[in-house]
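Asker: output the structure for:
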Amino acid sequence: MLENNKYRMVVFKDKYDDDVFKTLGFSDNQKAHHQFWNHYQRPPREEYWEYILNRRDLLVSQDMRERQGAYFTPPQWVELSQQYLAEVFGDDWQENYYIWDCAAGTGNLLAGLSYKHNIWASTLDDADVRVMKDFAQSNTLPLLDNHIFQFDFLNDEFNSEKLPADLLEVLNDEQERKKLIIYINPPYAEGDTFIENKNIRRGVAISKIYSDYKKELGEVVAELFIQFLGRIYKEIPNCIIASFSTLKYLNSPKSTNFRMFFQAKAEKGFIIKGNTFDNVRGEFPVGFIIWNLQKKEKVRQINCDIYDDNAHFIGTKIFATYENRKYLNDWLKLFKDKEESKIGVLGFVANDFQNQKLVFITTNGRGHHQIYITEKNLIPLAIYYAVRHHTEHSWINHNDQFLYPKDGWQTDTNFQTNCLTYTLFHSKNRISVSQYPSNKEKVPAEALRNHWIPFTEQEVNAPARFTSHFMTDFIAGKLGGQASEEHNLFTLAGEENPHQNTALVPIAPLQFTPEAQAVFEAGKALWQYYFTQPNANANASLYDIREHFQGRNDKGKMNNKSEDETYNRLIVTLRQALARLAQAIEPKVYQYQFLL
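Answerer: A predicted model of the protein is given here:
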């Protein structure tokens, strides 16, 4: 308590339970203190009140929230989730159902509810409990004081010492438990991921539930929200889960064990962008799904509504689980060719959209995983590349998986040539000879051989003869010879071939669709313009041409635009033609089930 020019503080209580006080004065005659209060307006203006109440989670330090993987649920998503609960269980659902938020934090998920006798909130930290009790007493939260309690959901037992008696009665009653809604936004921390992130969450995934269920939940047991779902499913059977979480457990290959373990009916749900939550930087879907555990169904797919950042409905999305399907990288490995001379290297990683930017082509390779590109596998690797890049990564398709395709693509020459064209002219094709200018001496001959120029010298007015004519010879059918067993797609892969007349290397000139021809025309104009520049490298690739005109910034990254307006116009024309070609490729991607 401030008393004139000093503070009086309670230091401790004596043996008679009386307060013992200490005083503390100012070292500057209260100058800084007066300056502060002269600027401060209290109470805060009314327009700030709602924000302060909604953001009571900020009373807990940010590093503590990050360490625990706790992410504040924005009010618009709280309101929307409660609308969805009302749609599934009726407008009077709060009176007819029990609600337990067992990862409550400071309780903002429960804002907007009203039937306090049916609601419980538990959290890991006493600090959160104190915050919730303060707001419950001021009627900001719809909670009874004895319904707010500290509980470590991943370690503590369900017993009378830990849980309120009335909640324990619900948990132990088979019929009442069917009316219990576990309404949560559980923590998202993942043990092995965050060990690499400055060790701020080392060991966060280790819990009793982790130890008890690691065999049943499989690899994803390191995710805290998976541990929450696992314990609820196993130890609170036949209840209802209404949970926010990422949705990678629905389609990730690592989640196969979890999907065998967790069998329930998804009644309704929606997705929103991850970075609408505090301290989340990535653009990926966070879903709110209402799971009915009484209905034991193997989850194969769920339909979710999609909302933008302003909570406007923008469409629907199907999430498939891909059970009994192999993935695109399994298909890619069929086409490894270690015998032929490589013309480039395809770098690749996992099968989902979020890793799309790590799929690229280089001269010598530097990907996480890589496969040599040769004349024998150019067509299937171009298909792989075009399938991965035909649609841009977005927060909505972030976790979608690329799959081992169904038959039909082997004889679809339009699809094949469209994919080849797309691969030749796409920006992630980083074939380059620019680090070896053609006028330099003592450069390995192979370093100057660009096998990816899709034009002849005459077509683009080249200043010198190309050191390689591989691509134009390949397109003209000059490399294939006679159709034979060694050029067979599936023989190369070591499997039986159901399409005996399918050749890897064309034996006749390739025919291109109008969309592909438009890309070639736009690319040709770009090469022709480049060759009007002084000291143009005759063997330059498309990547080299882009670098020549666009340059790089001080961090070594290629600039987005050039100061040369003619080049800007030509590159925009190429990009627009590529976009139309991607639209032509897309239906075939789904027809052959590279994507579902």
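
Asker: give the contact list for Gln591.
Answerer: Contact analysis of Gln591 by C-beta atoms under 8 Å, 6 or more residues apart in numbering lists Gly408. Where C-beta positions appear, they are placed from N, C-alpha and C, glycine not excepted.

Asker: any idea how far it is from Lys162?
Answerer: Look at Gln591 and Lys162: by C-beta to C-beta, to the nearest Å, they are 55 Å apart.

Asker: correct me if wrong: Asn537 contacts Asp544.
Answerer: Yes. Using C-beta atoms under 8 Å, Asn537 makes contact with Asp544 at a distance of 6.5 Å.

Asker: of the two, which one has the most company?
Answerer: Set Asn537 next to Asp544 and count neighbours by other C-beta atoms under 10 Å: Asn537 wins out with 23 against 19.

Asker: can you count the residues close to the closest residue to Tyr249 other than its chain neighbours?
Answerer: With C-beta to C-beta, 6 or more residues apart in numbering as the criterion, Tyr249 has its nearest non-adjacent residue at 4.5 Å, and that residue is Ser255. Other residues near Ser255 come to 22 when the count uses other C-beta under 10 Å.

Asker: for Ser255, give me its contacts.
Answerer: Contacts of Ser255 (C-beta under 8 Å, 6+ apart): Gly218, Glu219, Val220, Lys248, Tyr249.

Asker: swap in 10 Å and give it another go.
Answerer: Leu217, Gly218, Glu219, Val220, Glu223, Ile226, Leu247, Lys248, Tyr249, Phe261, Phe262, Thr321 (C-beta atoms under 10 Å, 6 or more residues apart in numbering).

Asker: sec struct for the nearest residue to Thr456 once chain neighbours are set aside, please.
Answerer: Closest residue in space to Thr456, ignoring its immediate chain neighbours: Thr472 at 5.6 Å, by C-beta to C-beta, 6+ apart. Under the three-state scheme (DSSP: H, G, I helix; E, B strand; the rest coil), Thr472 adopts helix.

Asker: what sits against Thr472?
Answerer: Ile453, Pro454, Phe455, Thr456, Glu457, Glu459, Phe466, Lys478.

Asker: just the buried subset of those, please.
Answerer: Among the contacts of Thr472, those scoring as buried are Ile453, Pro454, Phe455, Glu457, Phe466, Lys478 (criterion: 16 or more other C-beta atoms under 10 Å).

Asker: check those residues and tell me the two furthest apart.
Answerer: Using C-beta to C-beta, the buried ones among the contacts of Thr472 span at most 16.0 Å, a distance reached by Glu457 and Lys478.

Asker: overlap of the contact sets of Asn537 and Asp544?
Answerer: In contact with both Asn537 and Asp544: Val433, Ser434, Asn450, Tyr530, using C-beta under 10 Å, 6+ apart.

Asker: any idea how far the third one lies from Tyr372?
Answerer: Pointing back at Asn450 there. Asn450 is 16 Å from Tyr372, where distance means C-beta to C-beta.

Asker: of the two, give the one with the bigger neighbour count.
Answerer: Asn450 (25 against 19).

Asker: doesn't the more buried one lie inside a strand?
Answerer: No. Applying three-state DSSP, one finds Asn450 to be coil, outside a strand.

Asker: and the gap between it and Phe474?
Answerer: Taken as C-beta to C-beta, the span from Asn450 to Phe474 is 14 Å.

Asker: what residues are shared contacts of these two?
Answerer: Jointly contacting Asn450 and Phe474 under the rule C-beta under 10 Å, 6+ apart are Ile343.

Asker: related to what we said a few turns ago, just the contacts of Thr472 now: which is nearest Lys116?
Answerer: Checking the contacts of Thr472 against Lys116 by C-beta to C-beta gives Pro454 as the nearest, at 70.3 Å.

Asker: I'd say the closest one and Ser468 touch.
Answerer: No. Contact criterion C-beta atoms under 10 Å: Pro454 and Ser468 do not qualify, at 11.6 Å.

Asker: now Ala264: how far from Pro142?
Answerer: Look at Ala264 and Pro142: by C-beta to C-beta, they are 27 Å apart.

Asker: likewise for Ile184?
Answerer: Distance from Ile184 to Pro142, counting by C-beta to C-beta: 17 Å.

Asker: again with Ile453
Answerer: Going from Ile453 to Pro142 by C-beta to C-beta gives 70 Å.

Asker: likewise Ala464?
Answerer: According to C-beta to C-beta, Ala464 stands 79 Å off from Pro142.

Asker: one more: Leu124?
Answerer: Taking C-beta to C-beta, one finds Leu124 at 21 Å from Pro142.

Asker: what of Phe319?
Answerer: In terms of C-beta to C-beta, Phe319 sits 32 Å off from Pro142.

Asker: same question, Ala86
Answerer: On the measure of C-beta to C-beta, Ala86 and Pro142 end up 15 Å apart.

Asker: ok, the two, which is more surrounded?
Answerer: Using other C-beta under 10 Å as the criterion, Ala86 and Pro142 rank with Pro142 on top: 22 against 13.

Asker: correct me if wrong: the more buried one contacts His117.
Answerer: Yes. The pair Pro142 and His117 qualifies as a contact (C-beta under 10 Å) at a distance of 9.5 Å.

Asker: overlap of the contact sets of the two?
Answerer: Common neighbours of Pro142 and His117 (criterion: C-beta under 10 Å, 6+ apart): Gln94.

Asker: just to revisit the earlier point, can I get the shared contacts of Asn537 and Asp544 in CSV including secondary structure and distance to Trp49?
Answerer: Listed next are the shared contacts of Asn537 and Asp544 as CSV, based on DSSP: H, G, I helix; E, B strand; the rest coil; distance: C-beta to C-beta, whole Å:
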residue, secondary structure, distance to Trp49
Val433, coil, 65
Ser434, coil, 60
Asn450, coil, 66
Tyr530, helix, 62
